[in-house]
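Engineer: just coords:
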């Protein structure tokens, strides 16, 4: 049906014309992409820079870069509006245009002595916006039109943004078009440092396959990708980096190893399992659990401060020292005692038992009151003494706590300052004799299991 036989309105004619132009544009793009895919050779090695004199002779004033502050255009690239992208890219200068956004931020004004709203201009690019949103189709279109893959407006490249978002399809496109897998951002981080989510594992694998250094360090903090993966409890990432030669003994600016990073981050019980597997992988790769940071804080200090019983046991079995003190004079047992009230449901008694069985000193009697919310921990502590000390602090306990655990507190009161049984004194003598070898030595004794459990301070609710 032609315009002569049907009364088209001007709006309808304009719409038809735009649809036809868009279809012609798409057909031409596909045909050109097909021809390029059939004839494109691998990217050549970057040419060596010319000598200094020659470079000076070749300097030309760069063409002014296009700038765009239109939020609608920014959203077009970030949200994946392909029709909008085609419309914007009718201007070839928009492929590498500098996208600018003014944002209001609170800033401290010392001359006024108060916080004020300050306008700060942030810069990015169309390629960064598309990579950040995981829009692989738009990333491909921009690269096809000559987008500069290694530019870093705002301090990051598109590869950094794609890795931070876990968008492996975008990472693959960028690498295949010459993105540098080791490029550093303004803050000194490499793309591997930003692979910090479970979804980013494929991104990390692509970077490693492209030749990224798995032991690259951030400029100031000296963190390696292994530090970042261990702190997030990313078992697959840790295994990948270790398989490609990551330095398990690397220390950051604070002198901490990846093992210390993993132990310090294992705070929630729901995440304890994956952090335990990360710790086991690091120890199997040769990590030393005795390595301390600048504050002499060891992985065992951190694991005790987080009340992580399984991690504590694994560290001790691999040679961690139970009596070592940090720069503040705190031992791992001190770190545990300070958090018993915060983690009464995370088996602090198991942590205390492991420490005592590997040579830790019993806590001072005045510290026992910090264990009142965990009677099981208090039982382990009291059974490490040859005689139960006087516990005057029980008179100042809140009524609700005293009523909740009345049977056990009554037992402590009856036994307080009294003689212990000969059986218990024999246990104390054996443990004193074995010292730090108590746990492995008792496990090898040819005695009934109940006797081994008794020697290792297993909870049975009694104070003999």
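Structural biologist: Structure's in. What do you need? Worth saying up front: this structure is predicted, and the values here are computed from it rather than measured.
Engineer: what are the ranges of the helices in the stretch 351-464 of the chain?
Structural biologist: Per DSSP state H, counting those that start in this stretch, the stretch 351-464 of the chain carries helices over the ranges 375-382, 399-404, 406-415, 422-434, 438-443, 449-455.
Engineer: export these to TSV and tack on distance to residue 132 and mean neighbour count?
Structural biologist: (Glycine included, C-beta is placed from N, CA and C.) Output for the helices of the stretch 351-464 of the chain, formatted as TSV (distance: least, C-beta to C-beta, whole Å; neighbours: other C-beta atoms under 10 Å):
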stretch	distance to residue 132	mean neighbour count
helix 375-382	48	23
helix 399-404	51	11
helix 406-415	57	14
helix 422-434	59	14
helix 438-443	51	16
helix 449-455	56	14
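Engineer: Give me the below-cutoff pLDDT ranges for this structure.
Structural biologist: 1-8, 10-12, 14, 18, 25, 32-63, 103-105, 117-119 (pLDDT under 70).
Engineer: that older thread, go through the helices of the stretch 351-464 of the chain and name the closest to residue 354.
Structural biologist: Closest approach to residue 354 among the helices of the stretch 351-464 of the chain (C-beta to C-beta): helix 438-443, 7.7 Å.
Engineer: which outside residues touch the closest one?
Structural biologist: 316, 354, 356-359, 430-431, 434, 452, 455-456 (C-beta atoms under 8 Å, 6 or more residues apart in numbering).
Engineer: measure stretch 149-162 end to end?
Structural biologist: Terminal residues of stretch 149-162 are spaced 12 Å apart (C-alpha to C-alpha, to the nearest Å).
Engineer: again but with stretch 311-327, I slipped
Structural biologist: 23 Å.
Engineer: Make TSV out of the helices of the stretch 351-464 of the chain and add distance to residue 333.
Structural biologist: Shown next, in TSV, are the helices of the stretch 351-464 of the chain (distance: least, C-beta to C-beta, whole Å):
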stretch	distance to residue 333
helix 375-382	9
helix 399-404	23
helix 406-415	20
helix 422-434	15
helix 438-443	15
helix 449-455	19
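Engineer: Of the ones you listed, which is nearest residue 241?
Structural biologist: Among the helices of the stretch 351-464 of the chain, helix 438-443 sits nearest to residue 241 (C-beta to C-beta), with 31.7 Å.
Engineer: ok, back up a step: right, and the helices of the stretch 351-464 of the chain - which one's nearest residue 106?
Structural biologist: Set against residue 106 and scored by C-beta to C-beta, those come closest in helix 399-404, at 42.8 Å.
Engineer: Need the contact partners of that closest one.
Structural biologist: Contacts for helix 399-404 (C-beta under 8 Å, 6+ apart): 372-373, 394, 409.
Engineer: most surrounded residue in these?
Structural biologist: residue 372 (23 neighbours; other C-beta atoms under 10 Å).
Engineer: any idea how far that residue lies from residue 266?
Structural biologist: From residue 372 across to residue 266, the span is 25 Å (C-beta to C-beta, to the nearest Å).
Engineer: contacting residues for the residue nearest the centre of the chain?
Structural biologist: The residue lying closest to the centre of the chain (C-alpha atoms, centre = their mean) is residue 232, at 2.7 Å. Going by C-beta under 8 Å, 6+ apart, residue 232 touches 196-197, 265.
Engineer: what separates it from residue 209, distance-wise?
Structural biologist: 21 Å.
Engineer: got a list of contacts for stretch 186-194?
Structural biologist: Stretch 186-194 is touched from outside by 152, 154-157, 159-160, 163-164, 171, 181-184, 200, 203-204, 207-208, 212-214, 216, 218-221, 223, 225, 228, with contacts defined as C-beta under 8 Å, 6+ apart.
Engineer: measure it end to end?
Structural biologist: Stretch 186-194 end-to-end distance (C-alpha to C-alpha) = 13 Å.
Engineer: Return the distance of it from the chain's centre.
Structural biologist: 13 Å (C-alpha atoms, centre = their mean, to the nearest Å).
Engineer: got the residue ranges for the strands in the stretch 101-250 of the chain?
Structural biologist: 114-125 (DSSP state E, counting those that start in this stretch).
Engineer: can you pull out the helices in it?
Structural biologist: Going by DSSP H, counting those that start in this stretch, the stretch 101-250 of the chain shows helices at 126-132, 136-144, 158-165, 168-176, 201-209, 225-231, 235-243.
Engineer: Enumerate the positions of the fourth one that are buried.
Structural biologist: Of the residues in helix 168-176, 168-175 count as buried by neighbour count, 16 or more other C-beta atoms under 10 Å.
Engineer: Which of those residues sits closest to residue 445?
Structural biologist: Checking the buried residues of helix 168-176 against residue 445 with C-beta to C-beta, the nearest one is residue 168 at 53.6 Å.
Engineer: and the residue nearest to the closest one when sequence neighbours are not counted, what is it in contact with?
Structural biologist: In space, and not counting its chain neighbours, residue 168 is closest to residue 202: 3.9 Å by C-beta to C-beta, 6 or more residues apart in numbering. Counting by C-beta under 8 Å, 6+ apart, residue 202 touches 166, 168, 171.
Engineer: and what of residue 382?
Structural biologist: 368, 388, 412, 463.
Engineer: Could you identify the most distant pair in those residues?
Structural biologist: Using C-beta to C-beta, the contacts of residue 382 span at most 12.6 Å, a distance reached by 368 and 463.
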